[in-house]
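Asker: Pasting the sequence and the predicted coordinates here, then a few questions.
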Amino acid sequence: MKGKAPASGKLRGIAAMARLALASDTPRAVGAVVMTLAISAHPVVVALFIRQLTDAVVAGHADTAMGWGLGLAAAVASWLALLWYTFGLRTVLEEKVRHAAEAGIAAMSMAPWSVAHHEDPEIAEELALIERDVNRLAQVVIFLLTLLGALGQLLFAVVVLADVHPVLLLLPAVGALPVWAARRGDRWRQRSLELAAADENRARELYAVACGAEHAQELSVLGAQAAVRDRHRQLAGAAQRERETGAHRSFRVQADATGLFGAAYAAAVAVAVLAAVAGKAGVGDVLLTIALAAQVTGQVTMATDAVTQLVRAKATADRYLRIAALADGDRTDGAEPPETGDGLALHDVTFRYKDAARPALDGVNLRVEGGQTLAVVGENGAGKTTLAKLMCRLYDPDGGAVTWNGAPLSTLDPEAWRSQVSAAYQDFVRFEVTAGHTVGLGDLPRIDDTGAARTALRKADGERLEDALPDGLATPLGRSHPEGTELSTGQWQKLAVARSMMRETPRLLVLDEPTASLDAETEYRLFQHYARASREVTRDGRGIVVIITHRLGSVRFADRIAVMERGTVAETGTHDELMAAGGRYARLYRTQAEAYRLDEPQHAEPEGER
Ligand SMILES: Nc1ncnc2c1ncn2[C@@H]1O[C@H](COP(=O)(O)OP(=O)(O)OP(=O)(O)O)[C@@H](O)[C@H]1O
């Protein structure tokens, strides 16, 4: 992800959620819309039945009245059933949208071809917020359906009322008054609470001082009780008056607005009665007006509540769209990695982490031919891991290029490139699945291949680990499983290394400080395995192995050694060349030799290994 995308259009986020609902379950989404509209017609249908029933009773048509009565009962019964069906439908739909949104967020989070977005505070915050508010995304669909239902009810009611008398069309406008007043009143009340908060807090503190036994002695010596009491009374009174003012204003505006709606309601009924008296409407119309007009303000409330909720959810929906746009922006259809060429090369590569004071890599030039093993050594913070991450294309360089057989990594199909890379990083992940799957994840198509996992474990010097697990490779690992077995850091690291050994012939195998948590004996054996693994990967003259380590004695077998210093490559060569040059490598090697006795046989290159 390259940076923050522009804010989306007004309703694009909401529309995207509606599309997500349609895509995640089209029949249910369409069904929910149809049923919501059917339910919204219900109050009008009931009112119409009541009108017909009343008119039939007034006209003395008992049979017709009976028919309308039965129709009314059927309408109510079907409405109740429909309500439950719709409720069930909405619940399932909401659940599906939540899953689709979660899957979308996870995919967006992983989609970019670099991991830089996780280190961009703005994008990381967007991702964190959207993960937290994912429920709100699913609720957008429910709010939309609620709004549709409320507007449908309102529309049906107004059309029928207008048929009684056109002036009744004004009723929704008056019905909106109590809704407006409730919101306005709420704002005033909130405002008064905020204004009163400072006085109230101070009054509370003084109350604690006045009542606290620990203060009593000092207050009486100072003779300050009366002053504290008066000040408390003053502040509490001021806060109380502020709250009262807000509450009064709030109640008054709501009472006025509700009174106005009451008057409008009475006027609407009077209009219907007058029309009936004038013979332009029936008694049924009067009852219909009484039933429908009273509901108008409730429908307006429902609609405005749904709009309020949608406005709140809009921020999350917009965020979802922004992240999706960023992930899409990074998607590239690249070429397949070339099979032959000059291997892996860095051309004047510069890279700086976001907001870092200095570049982690500064003009790095390096080339490793197919079939070679490169060891990268250097002090902490020299840029070794960063170099490895750029080789795997977890980041793109800010300047220069990383090429594979002549093609810049940025032009390759990222998935095709990643499928040819295996890596074990310092900051390895503890995948809490079964031990077999933890290893098998290194080559997804063979995740269930226990034989392959066992071979990979052997390459990582981990055969004994399998025996130590209660169910061998089938043992669930970690605390997230009720029956999970917890491992030591070193054991987890062995599994991570084994994971990197799952692919049999990766084009690039990166082993970054893979022994940090291992004991000395295991480390020694592991490096022997690395020597073997290196030969397997590089045997056909195409694969490349990059080993990053602080243990210089362990990588003497490497074809090339690069010594990094403050983001640059200070020296390169074979062990012998670098020792002969007597530079930084030679000094480091000698220092370590003294500390670790590197030249002793057990740390030398394994017999007959090369
Ligand atoms: N994610 C990051 N965000 C910002 N700066 C980083 C990040 N990772 C590394 N750096 C900085 O980049 C520089 C190079 O770090 P890098 O991890 O590549 O060094 P290293 O040689 O692998 O060190 P070590 O031997 O300690 O693992 C350091 O100054 C480090 O502080």
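Answerer: In hand now; what should we look at?

Asker: Would you mind naming what in this structure lies close to the ligand?
Answerer: Contact residues, the chain versus the ligand (C-beta under 6 Å from any ligand atom): 119, 353, 356, 360, 378, 380-386, 426. Backbone N, C-alpha and C define where each C-beta goes, glycine included.

Asker: Go again with 5 Å.
Answerer: Applying C-beta under 5 Å from any ligand atom, we find that the chain lies next to the ligand at Tyr353, Ala356, Ala360, Asn380, Gly381, Ala382, Gly383, Lys384, Thr385, Thr386.

Asker: So which of those are in helices?
Answerer: If you go by DSSP state H, the residues of the chain next to the ligand have Lys384, Thr385, Thr386 in helices.

Asker: Among the residues of the chain next to the ligand, show me the least confident.
Answerer: Among these, Ala356 carries the weakest pLDDT, at 84.

Asker: so what's the backbone phi/psi at it?
Answerer: phi -80, psi 150 (degrees, to the nearest 10).

Asker: So what's the residue count around it?
Answerer: Ala356 has 10 neighbours, counted by other C-beta atoms under 10 Å.

Asker: I'd like the next helix or strand past the worst-scoring helix or strand of the chain on mean pLDDT.
Answerer: Least confident helix or strand of the chain, by mean pLDDT, DSSP states H and E, is helix 520-538 with a mean of 68. The element immediately downstream of helix 520-538 (helix or strand, assigned by DSSP states H and E) is strand 544-548.

Asker: which helices and strands does the next helix or strand after that following strand pack with?
Answerer: Using DSSP H and E, the helix or strand that follows strand 544-548 towards the C-terminus is strand 560-565. In terms of contacts (3 or more C-beta pairs under 8 Å, 6 or more residues apart in numbering; DSSP states H and E), strand 560-565 is packed against strand 373-378, strand 568-573, helix 575-581, helix 584-596.

Asker: so can I have a markdown table of the residues of the chain next to the ligand showing distance to Ala157?
Answerer: Listed next are the residues of the chain next to the ligand as a markdown table, based on distance: C-beta to C-beta, whole Å:
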| residue | distance to Ala157 |
| --- | --- |
| Tyr353 | 61 |
| Ala356 | 63 |
| Ala360 | 67 |
| Asn380 | 74 |
| Gly381 | 71 |
| Ala382 | 75 |
| Gly383 | 71 |
| Lys384 | 72 |
| Thr385 | 67 |
| Thr386 | 66 |
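
Asker: Now a ChimeraX select for only the buried ones of these.
Answerer: Here is the ChimeraX command that selects the buried residues among the residues of the chain next to the ligand (16 or more other C-beta atoms under 10 Å):
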select :360,382,383,384,385,386
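
Asker: Closest to Val563 out of the residues of the chain next to the ligand?
Answerer: When the residues of the chain next to the ligand are compared for distance to Val563 (C-beta to C-beta), Ala382 wins out at 8.4 Å.

Asker: Is it correct that the closest one is in contact with Ala562?
Answerer: No - counting by C-beta atoms under 8 Å, Ala382 sits too far from Ala562 to count as a contact (10.2 Å).

Asker: helices and strands around whichever helix in the chain runs longest, which ones?
Answerer: Under DSSP H, the helix in the chain containing the largest number of residues is helix 225-277. On a contact count with 3+ C-beta pairs under 8 Å, 6+ apart, helix 225-277 meets helix 134-164, helix 171-211, helix 283-329.

Asker: quick one: low-confidence ranges for this protein?
Answerer: Along the chain, the parts satisfying pLDDT under 70 run over 1-9, 109-121, 327-333, 514-524, 526-531, 533-541, 595-610.

Asker: packing partners for the strand or helix carrying Glu102?
Answerer: In this structure, Glu102 sits in helix 62-110 according to DSSP H and E. Helices and strands touching helix 62-110, by 3+ C-beta pairs under 8 Å, 6+ apart, are helix 12-24, helix 26-40, helix 42-58, helix 121-132, helix 134-164, helix 283-329.

Asker: Compile these into a markdown table and extend it with columns for mean neighbour count and distance to Thr86.
Answerer: Output for these, formatted as a markdown table (neighbours: other C-beta atoms under 10 Å; distance: least, C-beta to C-beta, whole Å):
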| stretch | mean neighbour count | distance to Thr86 |
| --- | --- | --- |
| helix 12-24 | 19 | 14 |
| helix 26-40 | 17 | 4 |
| helix 42-58 | 20 | 11 |
| helix 121-132 | 15 | 29 |
| helix 134-164 | 21 | 8 |
| helix 283-329 | 20 | 15 |
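
Asker: which ones are touching Ala150?
Answerer: Ala150 makes contacts with Ser40, Gln299, Val300, Met302, Ala303, Ala306, as judged by C-beta atoms under 8 Å, 6 or more residues apart in numbering.

Asker: Tell me how far it lies from Val174.
Answerer: 17 Å (C-beta to C-beta, to the nearest Å).

Asker: Surely His165 touches Ala275?
Answerer: Yes - the pair His165 / Ala275 is scored as a contact, 5.7 Å apart, by C-beta under 8 Å.

Asker: Residues in contact with both of these two, list them for me.
Answerer: Common neighbours of His165 and Ala275 (C-beta under 8 Å, 6+ apart) are Ala281.

Asker: which residues touch Gly259?
Answerer: No contacts exist for Gly259 under C-beta under 8 Å, 6+ apart.

Asker: Going forward, count from 227.
Answerer: New numbering, starting at 227: the last item is Gly485.

Asker: Skipping adjacent residues, who's closest to Arg768 in space?
Answerer: Gly596 (4.3 Å; C-beta to C-beta, 6 or more residues apart in numbering).

Asker: for Arg656, same thing?
Answerer: Nearest residue to Arg656, sequence neighbours excluded (C-beta to C-beta, 6+ apart): Trp718, at 5.0 Å.

Asker: Also Gly567?
Answerer: Excluding the flanking residues, the one nearest Gly567 by C-beta to C-beta, 6+ apart is Asn631, at 2.6 Å.

Asker: Just give me the neighbour total for the closest residue to Met790 other than its chain neighbours.
Answerer: Ranked by C-beta to C-beta, 6+ apart and with sequence neighbours excluded, the top spatial neighbour of Met790 is Gly604, at 3.5 Å. Close neighbours of Gly604, defined as other C-beta under 10 Å, add up to 25.

Asker: residue contacts, the residue nearest the centre of the chain?
Answerer: Central residue of the chain (C-alpha atoms, centre = their mean): Glu357, 2.6 Å from the mean position. Counting by C-beta under 8 Å, 6+ apart, Glu357 makes contact with Ile331.

Asker: distance of it from Ala539?
Answerer: Remark: distance between Glu357 and Ala539 (C-beta to C-beta) = 15 Å.

Asker: next one: Ser645
Answerer: Separation of Ser645 from Ala539 (C-beta to C-beta): 39 Å.

Asker: Residues touching stretch 445-458, excluding its own?
Answerer: Residues from elsewhere that reach stretch 445-458 (C-beta under 8 Å, 6+ apart): Ala429, Leu432, Tyr433, Val435, Ala436.

Asker: that's a helix at Gln719, yeah?
Answerer: Yes - assessed with DSSP: H, G, I helix; E, B strand; the rest coil, Gln719 lies in a helix.

Asker: How is the protein divided into domains?
Answerer: According to automatic domain parsing, the chain comprises the domains 238-391+507-555, 654-730.

Asker: closest one to Asp802 among the ones you listed?
Answerer: Comparison of the domains of the chain against Asp802 by C-beta to C-beta identifies domain 654-730 as nearest, at 27.5 Å.

Asker: show me the contacts for the closest residue to Ala267 other than its chain neighbours.
Answerer: Beyond its immediate neighbours in the sequence, the residue positioned closest to Ala267 (C-beta to C-beta, 6+ apart) is Phe382, lying 5.3 Å away. Phe382 makes contact with Ser266, Ala267, Pro269, Val270, according to C-beta under 8 Å, 6+ apart.

Asker: isn't the residue nearest to Met790 right up against Val789?
Answerer: Yes - between Gly604 and Val789 there is a contact under C-beta under 8 Å: 5.6 Å.
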